[in-house]
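Trainee: Sequence plus predicted model, see below.
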Amino acid sequence: MRKKFSKNWVRSKQPRKQRKYMYNAPLHIRQKFIHTNLNKELREKYKRRNFPLRVGDTVRVMRGKFKGTISKVSKINLTELKIYLEDVKRKKSDGKEVQVPLKASNLQIVSLNLEDRKRLKIIERKK
């Protein structure tokens, strides 16, 4: 029987095994795939290049149709690796407004949601 997932696949050079690693990764590893770059001020302040996204973070869209839009993260879908923002919406043909899914790689964190104590501890530990 073949394995559903192995951490050793990430070491492989083969693109098919890299894709297999991403598609079959469990949720606690998928959380690492949604790290997003910090803007210059936050980089200098926290001395880190990127940070995992959380609901409530304010981000700027860097690529695509909504480039330049600054909005809060309203939902994160780890199974699809998509991020939904409050102000990034489009109209369907029946007139309903739907949030547009975005990739984490196309976003940049402008301000962090610091309400979570665990997150504050992580920031303090890294300083």
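Mentor: Yes, it's here.

Trainee: which ones are touching the residue positioned nearest the centre of the chain?
Mentor: Centroid-nearest residue in the chain: residue 34, 2.9 Å away (criterion: C-alpha atoms, centre = their mean). Residues near residue 34 by C-beta atoms under 8 Å, 6 or more residues apart in numbering: 52-53, 76, 78, 81, 83, 104. Bear in mind the C-beta positions are built from the backbone N, C-alpha and C, glycine included.

Trainee: from those residues, which single one is nearest residue 98?
Mentor: residue 83 (14.6 Å; C-beta to C-beta).

Trainee: Could you check what's spatially nearest to the closest one, not counting adjacent residues?
Mentor: residue 102 (5.1 Å; C-beta to C-beta, 6 or more residues apart in numbering).

Trainee: Same question for residue 72.
Mentor: The nearest residue in space to residue 72 (C-beta to C-beta, 6+ apart) is residue 86, at 5.0 Å.

Trainee: Number of residues surrounding that neighbour?
Mentor: A count of nearby residues for residue 86, using other C-beta atoms under 10 Å, gives 12.

Trainee: who touches whatever helix or strand it lives in?
Mentor: Using DSSP states H and E, residue 86 sits in strand 82-91. For strand 82-91, contacts defined as C-beta under 8 Å, 6+ apart pick out 34, 53, 59, 61, 66, 69, 71-77, 97-104, 107.
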